[in-house]
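**Q** predicted structure and sequence below. I'll ask about it afterward.
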Amino acid sequence: MKRIAVVEDNPDNRLLVRVMLEERYELAEFESAAEAWVAFQQSCPDAVLLDISLPDMDGAELLRKIRADSSLRSLPVIAVTAHAMSGDREKYLALGFDDYVTKPIIDMERLVQAIDRALARNG
């Protein structure tokens, strides 16, 4: 079973993702980008669902750290965010995210498809 890291500071959003995905993937949950970064150094997940607005370091900063690390560079990272204005999708894809899903997440199949696409691209 593929291991997906969920980096989300809101416990309700983590619960929603857990309920949607726990039968398909092994989930590792992190409340902060800093906590996730430390964990990724020890054990790399197969993909990451990464909130953009986090209290300690934002999702874009964590993505920069991931892309700069040779052992994590190819890790699929999906932006999961409430930033849903015109141009936001393109902005986050240009930063190096593999995909982009808006919150609130109401379409489980869309989320699963984004994860599966990211995993397929990574082999």
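**A** Looks like it arrived, so ask away.

**Q** contact partners for the residue most central in space within the chain?
**A** By Cα atoms, centre = their mean, the chain has its centre lying nearest to Leu49, at 1.6 Å. By Cβ atoms under 8 Å, 6 or more residues apart in numbering, Leu49 lies in contact with 4-8, 17, 78, 80, 101, 111, 115. For glycine as for every other residue, the C-beta is placed from the backbone atoms N, C-alpha and C.

**Q** and for Phe30?
**A** 5-8, 36, 39.

**Q** among these, which ones are in strands?
**A** If you go by DSSP state E, these have 5-7 in strands.

**Q** which of those sits closest to Pro45?
**A** Nearest to Pro45 among the ones in strands among the contacts of Phe30, counting by Cβ to Cβ, is Ala5 at 4.0 Å.

**Q** leaving out sequence neighbours, find the closest residue to that closest one.
**A** Pro45 (4.0 Å; Cβ to Cβ, 6 or more residues apart in numbering).

**Q** with Leu93 instead?
**A** Tyr100 (6.1 Å).

**Q** re earlier: farthest pair in the contacts of Phe30?
**A** Once Cβ to Cβ is applied, these give Glu8 and Ala39 as the farthest pair, at 13.9 Å.

**Q** using PDB, write down the CA coordinates of stretch 84-101.
**A** C-alpha atoms of stretch 84-101 as PDB (Å, rounded to 0.1, in the frame of the first residue of the first chain):
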ATOM      1  CA  ALA A  84      -8.600  29.100  -5.500                       C
ATOM      2  CA  MET A  85      -8.500  32.400  -7.300                       C
ATOM      3  CA  SER A  86      -8.000  32.700 -11.000                       C
ATOM      4  CA  GLY A  87      -4.300  31.900 -11.700                       C
ATOM      5  CA  ASP A  88      -3.600  30.100  -8.400                       C
ATOM      6  CA  ARG A  89      -3.500  26.700 -10.100                       C
ATOM      7  CA  GLU A  90      -0.900  27.900 -12.600                       C
ATOM      8  CA  LYS A  91       1.000  29.700  -9.800                       C
ATOM      9  CA  TYR A  92       1.400  26.600  -7.700                       C
ATOM     10  CA  LEU A  93       2.200  24.300 -10.600                       C
ATOM     11  CA  ALA A  94       4.900  26.700 -11.700                       C
ATOM     12  CA  LEU A  95       6.400  26.500  -8.200                       C
ATOM     13  CA  GLY A  96       6.900  22.800  -8.800                       C
ATOM     14  CA  PHE A  97       3.900  21.100  -7.300                       C
ATOM     15  CA  ASP A  98       2.800  18.000  -9.200                       C
ATOM     16  CA  ASP A  99      -0.900  18.800  -9.000                       C
ATOM     17  CA  TYR A 100      -3.300  21.100  -7.300                       C
ATOM     18  CA  VAL A 101      -6.600  20.400  -5.500                       C
END
